[in-house]
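[1] structure of the sequence below:
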Amino acid sequence: VEAFLAANPGKTDEQLLAAALALKNEKSIVRRKQKELVEKKQSQDLRKKVALGSWDEMLFIARALVLCGLPYKRTKDREVIKTARLGNGDKLRVTFKASKSGVDLPFGKDRALLAWITTCAKKQGNARVKFESTAEFIRAFGLSDSGTHYKAFRDSLDRLKGFSCYIEVDNGEKEASHHESVIKDAVVPSRSDARRELSGEVRLLAERDHSGYYLELDPSFYQELVNHSVPLPLDLMKKYGNNPIAWDFIQLISYRTAAAKTTSRIPLDTLVSMLGSADSNIWRLRSTLESILEELKDIWPEMNARFEGKRGNTLFVIGPPLNGHTLVPRRAKASLGNNQAEAMEVEVLDEEQAEG
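    Numbers count the residues shown, from 1 in each chain. All right, here's what the predicted structure looks like:
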C-alpha cells in the first residue's frame, strides 16, 4: 500500500481508486497472458508427443470405467447403473454402489486417483500396491503437506474404499466385483506420519505393522483390470485431472477410435448416458463437449470424431483415426513408474469393433 501511495502522490481518493482498479486490471491481463503462453506451450508439447507417439508414461484404466463413467458431482444416490455396447455386440452393464454407510459414491476428481491406483497395480503386477515410505507415497500421488490437500485426498480415498463396482457382460455370466469394495484394504500415512518422516524422523517398522503402506484392489476388480485395461497418456490426462467431463470424454474417444474398424453414429442421449454427466441441459453439455473436441483436435489432428445434426437429431460420429494414427500407439514402449527404468509393452485393444 505504501509503495502504491508513493507512486501516486497528490491524488484524490477517487483518483487513487481509479489508479488501483487500473493496476488490478493490468495485473489480471498479465496473468491471463502468462496463462495463455503456458497453455500454448503445453499444447505444442502434447502435439509433438502425439505426432511422435512418444509418451513418457501411461495410465491404465479398467475398460468398464472408460465406457461407463463415475458421477461428475456429489450425488445422494446410493446406486448408479450405466450400460454400454461392446464392439462384438455384447452389452456391458456397470453398477456403482455406495456400500459404506455415510460415505457417498466417488465423483469428480476421484476418478483420477482411482486411475493412478490401477496404474500402480498394473505396474507392480499385484492387486496390492505397496509403498516403502511416506516419501514414496507422497511422490506417487503428488501430494503436499498441506492439510487441505491431504484431507481432500483422504476424503477421496474413503469414497473409493466405500464403493463397489459390479461389471457384467450380457447375461451376467461374468461379474468383476463380487460384492466387495473396489479398494479392498488400505494402510496409508496420516498427515502427522508424513510430516514426521519428511522432516527426517525415522519410523520403526513396528509402528506400521511391518508391512509399509499399501492400497489393495478387490481381486476380481484387479482381474478385470488385467484382462481389460485401457492405456492413456499420463501427460495428457494430467491436464484434465480437474475436469472430469473432459477426462471421461477423452478416454472414451481414445479407446473407441483405437478399437474402431468402421464409423459409429451414437445418439447424443446415449453418449450422455455413457458419460458421468447429470446435466439437465443436454445442449449445454454438447457445447462443452465440442470445446473439448476442438482442444483434442488441436493436438491430435488425425482424430476422427465430431458432432452432426441439430437438437433432437444430434449424433456423435466416431471412427478410425486418419492414417491409423491413434492417440496411443497400438504398440508402444511406456514407462509406468516414477523414474523407473523398466518398461512394458502396451497393446491397445484392437480385436473389438466399435458400435455401429
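[2] who are the packing partners of the host helix or strand of Ala3?
    Using DSSP states H and E, Ala3 falls within helix 2-7. The elements that helix 2-7 packs onto, with contact taken as 3 or more C-beta pairs under 8 Å, 6 or more residues apart in numbering; DSSP states H and E, are helix 13-52. Glycine gets a C-beta too; all of them are placed from N, C-alpha and C.
[3] quick one: the helix it packs on to chain centroid distance?
    In terms of C-alpha atoms, centre = their mean, to the nearest Å, the centre of helix 13-52 is found 26 Å from the chain centre.
[4] and the helices in the chain?
    2-7, 13-52, 63-67, 110-124, 134-141, 147-161, 191-198, 219-227, 234-239, 244-259, 268-274, 282-299 (DSSP state H).
[5] what's the angle from the fourth one to helix 244-259?
    Between the axes of helix 110-124 and helix 244-259, defined by axes from the mean of the first three to the mean of the last three C-alpha atoms, to 10 degrees, the angle is 40 degrees.
[6] between the two ends of stretch 66-77, how far is it?
    Chord length of stretch 66-77, first to last residue, is 21 Å (C-alpha to C-alpha, to the nearest Å).
[7] buried residues, it. List them.
    Buried residues in stretch 66-77, counted by 16 or more other C-beta atoms under 10 Å: Val66, Leu67, Cys68, Gly69, Leu70, Pro71, Tyr72, Thr75.
[8] same check on stretch 227-242?
    228-237, 239-241.
[9] these: which two are farthest apart?
    Largest separation among those by C-beta to C-beta: His228 and Lys239, giving 25.0 Å.
[10] list the contacts for the closest residue to Trp247 other than its chain neighbours?
    Distance criterion C-beta to C-beta, 6 or more residues apart in numbering; nearest residue to Trp247, sequence neighbours excluded, is Tyr240 at 4.7 Å. By C-beta atoms under 8 Å, 6 or more residues apart in numbering, the residues touching Tyr240 are Ala246, Trp247, Ile250.
[11] report pLDDT for the second one.
    According to the model's per-residue confidence, Trp247 sits at a pLDDT of 94.
[12] pull the contacting residues for it.
    Trp247 touches Arg111, Ala112, Met237, Tyr240, Gly241, counting by C-beta under 8 Å, 6+ apart.
[13] and for Arg128?
    With contact set as C-beta under 8 Å, 6+ apart, Arg128 has these partners: Ala121, Tyr214, Leu215, Glu216, Leu217.
[14] ditto for Leu113
    Neighbours of Leu113 in contact, by C-beta under 8 Å, 6+ apart: Phe141, Phe153, Ser156, Leu157, Leu160.
[15] wait, Ser254 touches Pro321, no?
    No. Look at Ser254 against Pro321 with C-beta atoms under 8 Å: they stay out of range, at 9.7 Å.
[16] list the residues that contact both of those two?
    In contact with both Ser254 and Pro321: Leu327, using C-beta under 8 Å, 6+ apart.
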